[in-house]
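take this sequence and fold it.
(chains A, B and C)
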Amino acid sequence: MGKLKLAVGVAGALAVGVASLSALAAENIRIGLIEPLSGPIAAIGSEALDNFNHAADRVNARGGVLGGRKLEIIGLDNAMKAEKTTEQLKKAVDMGLSYVIQGVGSNHALNIIKFLDKHNKRNPGKEIVFLNHSAVTTAFTNELCSFWHFRFDANVDMKVAALVTQISRDPGVEKLYLLNQNYAYGKSFQAAANKLLKERATDVELVGDELIVPFGKVLDFTPYIAKIKASGADTVLTGNWGPDLHRFVKGAVDSGLGATFYTVYGGIPSSIGGYGDAGKKVNLKQVTEMHENQDGLPEDLRDYMKSYIEAYESTWYPDRYRWLIEQLAAAIDAAGTADPIPVAGKLEGMTFPGPLGEVKMRADDHQMQMPLVVSTLTSDVPKHLIYKGKDFGIGFKTDGVVERADTTLPTSCQMDRPG
Amino acid sequence: MEVFAFSLFNGILYGMLLFMLASGLTLIFSMMGVLNFAHASFFMLGAYLAYQISAYVGFWPGLVVAPLIVGVIGAAVERWGLRPVHKFGHVAELLFTFGLAFVIEEVVQLIWGKVPMPYDIPASMNFAAFSWQGLDYSAYRLFMLVISVAIFAALFLFIAKTRIGLIIQAALTQPNIVSALGHDVPRIFMWTFGFGCALAGLAGVIGGNVLGTEPAMAITLGPIVFVVIVIGGLGSLWGALVAALFIGIVDNLAISYDLSFYPLFAVFGVERDVTGIMQDLVRLTTASIAPVLPYFLLVLILIVRPRGLFGTRDV
Amino acid sequence: MAGLARRSGIWLAAVAVVLVLPWIFSSGFAITTLNQMGVLIIFSLAYNMLLGQGGMLSFGHAVYFGLAGYSVAHVLNGIGAGTLPYVPVSLLPLVGGLVGLLFGIPIGFVSTRRAGTVFAMISLGFAEMMTALTLILIVFFNGEEGVQTDRWAGPEPFGITYGPDIQVYYLIAAWCLLATLAMYALTHTPFGRMSNAVRDNPERLQFVGYSTHRVRWLAFALSSFFAGMAGALHALNVEHVGFETVGVGQSGLVLFMVWIGGARAFIGPIFGAVVIAFLNSNLSGITEAWLLYLGILFMVTVMFAQGGLSGLILMHESIWKTDVRLFRPMVRPYALGIGATIVACLGAIGLIELIYFMSTRSTRDTGTSLYSVPVDAASLLPWLVCAGVAALGAEACRRAYRPMAASYADAIETVKAGAAR
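The predicted structure follows:
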């Protein structure tokens, strides 16, 4: 009986939601953020929402764009379901948005790219541009490239290139083991690693190459760790993330494996708790566009990190989110309009002073070109990772910076431009 | 040969962990005929509680207190949730626990948030007890093994040898006669359910720090636990033990030996470089599908022998 | 004769509603939601052929939904690339249905020998196996990325391209009405009656000499056919089929819909699909706790309303059929009972929202808004008010439910007395 009334309450709440939506200032430039904001991995989506809100707030505090218009981020929950991503895109169309941001889950990013290719062709004048903050499938800026898609993160191949370059500099690496998740991302990591190791780290011997069933299905990593031990590997290169990385690292530390882990997603603050105590014992490296303990970070970025930790009690981690918003704002100002096509035109080839040097949105494939840094997780650093007020007692220390020239890779993109 | 023995040993360790995860589920089913879909959620609750308690007073108090809390919650759920549904039959009970799993998971995420918790194995047992093939085995892993064996022994004695165990089993098939003999059947069911949930909580305390205490843990662990008790035969303690060990050993052997499935297809004249739907099959190796092998085994068992390996009765 | 006229009246009214709806709710998001409702109505009705009519609880019916979706996406891509002969896009739901049937027949054969827990377990096993296969059989499932497709394929008969969503709406609406009519007709055939009998008393049926296995198997196969049809329409609607469509999550969603709507009445799953699809697409934007509310709603119906929401309404059917005036003495107790429930829910929802806000908030700012009233979640006042309202509501419920039930019993008593006379 009771639940009929819940529906009534919900209808009331709905009416309120709709009313507050329409009351928004008309001149704001609204940007949709399609991410999982409910369900077990909502932490990642909510964190992205905080990050982008902060970046937009900074632009707005300076006076916004086009002489006073404000940027506004609108969270759209896809609950990590493909059809809900499509649903939220339709909502974005209804709201008349010209820009959507997404990044968690390459399968969702692919949905958005495909949807926009169709939508923008079928509805001229109502185009939407997709600003991709973290979906790393290399194909999006190669064979699947689209004029409507801009990627502000390094793609898998670039990240692997940075890791392999650092591995070639690391005298401790003699025998290397590859272990990746058996799905699109893990397999492209594996392919890139095999190719780049042959090109850039010829003196490293590849002693194992394994794919595991992804998404937390492997409960016990002991047999894999035993194989790594038996192979004599001193280093593991892995693209794993989430439980597939946490269990692996915990198991390795518990078994005294003693190998070095080169990872992509080893240091995300919201999931750093997953290692527990093992985080302090493992020799784990990550590749990012920056980290807090890097020397010579620009003054404005340090100021920005300070303001973020004051507002959100968390470490500022993904600096690409800041470029994304800053570059969008600059492109809107340069174009003199918020219309997506001229703004997209301005984004092409745009540069930005990044934390490690200049970053540039390559016009050929809409892939940001950037220097990357490989760093080690350790408790011996001035600044520790903090997430929602919790200090984990560990942070990152630079091993080496890989210059933009070394992460720049050729593209096979044949871009179809409008008009 | 050494590799084989080594895999066998790792398989037993992993299998006993699986058995510990499944023990409460098989207990509740054998005693009450209820398949508790929320089992993995109680496991999750136990792990989060243990993390919280250990953060204040250490691992050992948590080892006792967390399962107790989970057990009491379980008993309360039985008393005020499951018992009223009992009269609608097993399907309604199944539906109830299915919904319960959902709600517990959301409530845990509501309280602790949606990020993994740094729940660690206790420092007092975090040292290498022995090494084999270059791998260290911590004292904690031996502790897990001991606890699993103890759970099995205790349950076995409890169900088969004690008076109360016999009464409970009788209550499942002949509730009227048992209550006519002066036993309070609903109360027996309530404490049985609570005890089963406490076992799930205990598994959470002991396994949560190894497997990771994170928001998706119930979703990722739930299915494998069901596989264990269905393959073993619903309600059979021996079955659950054998199935858990079998799965653990198969998993380790499949990964260590990493055999290709191609020879199976070669018999039918399939080329190694075939394209189309077959291309994925001929490239399969046992290691690449080891964690999902139990699901294929499950379907096979259910088709061939729906009551499972050691099942004594159909449901 | 009058009954037939009234029944066809209902169907004509349904057609009219379906035709008018997109004019009232014309935004792209609304059309998408309506399209999903259409797909889910077919899927829910198909599911209820198992659960409500056949007594089989499945945790894996999305397997047929998803496999049909994948197949239709491949067929569309084949048509687009010219590698497959042209099939009118309007008829693809039939292709999907056949795919569902193709898998439903063998899997149904092995899984319907028993109902109850064993059937539920086998369905779960197949669902897990299929989820595992999506990552293994890359050529067909394409891993976690799923299969993309473009429904604008092949010739364009009568200028129908299926590019605009509104055309897909009418396609889904037409198939939805057809499928509903077919499944409704099925419940009135001897097979439909047999299916109910297998659900209610399998032993007796076996004594009389029927094969309960065969009846269940047929129900399973037919249900898979309609689930496949729904999956095909899903593929056309979203133009993408992902690995979550075959998984336990999708099966759980349809179970929630059918059960909350009501498994015992034919209308129940339709009702459930409409309500849950609406909440699913709207509620998530408003509250992060919507999954919790959905779970609680489901558990409450399992505990207190076995007939679901439609059952709560239909239990009054005999009263209004006898004499509408019988409702008059019920108005006051019902108004009190419903009012008390609303108050209790408002308080409880307020508390849950406050807890959610405090546990997920990311800034030090503890200001939020509750029922559009700005509150400070760190202060005691909103908690006290919500707890007070909830307690007040609970106490009011305790007092109001008994008179409510009594007034209902009185009315039913009168109906029975009238019938006896």
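
need the residues of the stretch 251-400 of chain C near chain B, please.
Counting by C-beta under 8 Å from any C-beta of the partner chain, the residues of the stretch 251-400 of chain C lying close to chain B are C:252, C:255, C:259, C:289, C:291-292, C:294-296, C:298-299, C:302-303, C:306, C:352, C:355-356, C:359-360. All C-beta spots, glycine's among them, are computed from the backbone N, C-alpha and C.

show me which of the residues you listed are buried.
C:252, C:255, C:259, C:289, C:291-292, C:294-296, C:298-299, C:302-303, C:306, C:352, C:355-356, C:360 (16 or more other C-beta atoms under 10 Å in any protein chain shown).

give me the low-pLDDT residue ranges for chain B?
B:312-315 (pLDDT under 70).

look through it and tell me its longest helix.
Of all the segments of type helix in chain B, defined by DSSP state H, the longest one is helix B:2-32.

list the buried residues in it.
Counting neighbours by 16+ other C-beta under 10 Å, one finds that the buried residues in helix B:2-32 are B:6-32.

can you list the buried residues in the helix or strand just after that helix?
Once the chain leaves helix B:2-32, the next helix or strand it forms, by DSSP states H and E, is helix B:39-57. Of the residues in helix B:39-57, those with enough neighbours to count as buried (16+ other C-beta under 10 Å) are B:39-54.

and what of stretch A:200-212?
Within stretch A:200-212, the residues scored as buried using 16+ other C-beta under 10 Å are A:200, A:201, A:204, A:206, A:207, A:208, A:210, A:211, A:212.

so, in contact with chain C or not, it?
No. Judged by C-beta under 8 Å from any C-beta, stretch A:200-212 stays clear of chain C, getting no closer than 10.2 Å.

what sits up against that stretch?
By C-beta atoms under 8 Å, 6 or more residues apart in numbering or on different chains, the surrounding residues in contact with stretch A:200-212 are A:161, A:164-165, A:167-168, A:173-182, A:186-187, A:190, A:194, A:197, A:218, A:224, A:227-228, A:231-233, A:240, A:244, B:287-288, B:291.

kindly report the same for stretch C:69-82.
Outside stretch C:69-82, the residues that touch it by C-beta under 8 Å, 6+ apart are C:84-87, C:89, C:92-93, C:95-96, C:99, C:140-141, C:147-151, C:153-154, C:231-232, C:234-236, C:240-241, C:245-246.

now residue A:98: phi and psi?
In this entry, residue A:98 is assigned phi and psi values of phi -110, psi -10 (degrees, to the nearest 10).

what's the spacing between it and chain B?
Using C-beta to the nearest C-beta, to the nearest Å, one obtains 31 Å as the distance from residue A:98 to chain B.

that residue against residue A:340, yeah?
Yes. Using C-beta atoms under 8 Å, residue A:98 makes contact with residue A:340 at a distance of 4.3 Å.

do a quick rundown of the strands in the stretch 201-350 of chain A.
Taking DSSP state E, counting those that start in this stretch to define them, one finds strands in the stretch 201-350 of chain A at A:205-212, A:235-238, A:260-263, A:283-288.

residues in contact with residue 98?
Assuming you mean chain A. For residue A:98, the contact set (C-beta under 8 Å, 6+ apart) comprises A:29, A:127, A:128, A:129, A:338, A:339, A:340, A:343.

right idea, wrong chain: chain B
The contact partners of residue B:98, by C-beta under 8 Å, 6+ apart, come to B:37, B:38, C:59, C:252, C:255.

just give the closest residue to residue C:403, not the sequence neighbours.
Closest residue to residue C:403 in three dimensions, ignoring its sequence neighbours and counting by C-beta to C-beta, 6 or more residues apart in numbering or on different chains: residue C:333, at 4.2 Å.

beyond the strand or helix carrying the one you found, next helix or strand please.
Here residue C:333 is covered by helix C:331-360, with elements defined by DSSP H and E. Tracing the chain past helix C:331-360, the next element assigned as helix or strand by DSSP H and E is strand C:367-370.

now for that following strand, which elements pack on it?
For strand C:367-370, the helices and strands in contact under the criterion 3 or more C-beta pairs under 8 Å, 6 or more residues apart in numbering or on different chains; DSSP states H and E are helix C:331-360, strand C:373-376.

how about the ones you listed in TSV, adding mean pLDDT and distance to residue C:420?
Putting the helices and strands packed on strand C:367-370 into TSV (pLDDT from 0 to 100; distance: least, C-beta to C-beta, whole Å) gives the following:
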stretch	mean pLDDT	distance to residue C:420
helix C:331-360	92	25
strand C:373-376	86	54
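
in a markdown table, list these along with distance to residue C:274.
As requested, these are exported to a markdown table (distance: least, C-beta to C-beta, whole Å):
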| stretch | distance to residue C:274 |
| --- | --- |
| helix C:331-360 | 21 |
| strand C:373-376 | 31 |
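
most tightly surrounded among these?
helix C:331-360 (a mean of 19; mean count of other C-beta atoms under 10 Å in any protein chain shown).

for it, name the packing helices and strands.
In this structure, helix C:331-360 makes packing contacts with helix A:2-22, helix B:90-112, helix C:290-304, strand C:367-370, helix C:380-420, judged by 3+ C-beta pairs under 8 Å, 6+ apart.

and of these, who's closest to residue A:284?
Among these, the nearest to residue A:284 by C-beta to C-beta is helix B:90-112 (24.6 Å).

and the helix or strand just after the closest one, C-alpha only, in CSV?
Heading C-terminal from helix B:90-112, the first helix or strand you meet, by DSSP H and E, is strand B:128-132. In CSV, the C-alpha atoms belonging to strand B:128-132 read as follows (Å, rounded to 0.1, in the frame of the first residue of the first chain):
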residue,chain,number,x,y,z
ALA,B,128,55.5,-14.8,5.7
ALA,B,129,54.8,-18.2,7.4
PHE,B,130,56.5,-20.2,4.7
SER,B,131,57.5,-20.0,1.1
TRP,B,132,57.0,-22.4,-1.8
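
who does strand B:128-132 pair up with?
Based on DSSP bridges, the pairing partners of strand B:128-132 within the sheet are strand B:135-138 (antiparallel).

neighbouring contacts of the strand it pairs with?
The contact list for strand B:135-138 (C-beta under 8 Å, 6+ apart) reads A:222, A:225-226, A:229, A:254-257, B:121, B:125-131.

which positions within that strand qualify as buried?
Going by 16+ other C-beta under 10 Å, strand B:135-138 has these buried residues: B:135, B:136, B:137, B:138.

can you check stretch B:118-133 too?
So for stretch B:118-133, counting by 16+ other C-beta under 10 Å, buried means B:118, B:119, B:120, B:121, B:122, B:126.

what about that stretch, how long is it end to end?
End-to-end distance for stretch B:118-133: 29 Å, by C-alpha to C-alpha, to the nearest Å.

any idea how far that stretch is from the chain center?
Using C-alpha atoms, centre = their mean, to the nearest Å, we find the averaged C-alpha position of stretch B:118-133 to lie 23 Å away from the chain's own average C-alpha position.

contacts for that stretch, please.
By C-beta under 8 Å, 6+ apart, the list of residues contacting stretch B:118-133 from outside reads A:226, A:229-230, A:254, A:256, A:273-279, A:392, B:2, B:6, B:9, B:47, B:50-51, B:54, B:58-60, B:136-143, B:208-210, B:213.

with stretch A:173-182 instead?
When contacts are taken as C-beta under 8 Å, 6+ apart, the neighbours of stretch A:173-182 outside the stretch itself are A:167, A:186-187, A:189-190, A:193-194, A:197, A:201, A:203-215, A:224, A:228, A:231-240, A:244, A:248, A:259-260, B:288, C:135.

one more time with 7 Å
By C-beta atoms under 7 Å, 6 or more residues apart in numbering or on different chains, the residues outside stretch A:173-182 that reach it are A:167, A:186, A:189-190, A:193, A:204-214, A:224, A:228, A:231-240, A:244, B:288, C:135.

same thing with stretch A:248-265?
Under the contact criterion C-beta under 7 Å, 6+ apart, stretch A:248-265 has outside partners A:159, A:163, A:167, A:172, A:221-222, A:225, A:228-229, A:233-241, A:245, A:275-276, A:278, A:281-287, B:128, B:135-136, B:138, B:210.
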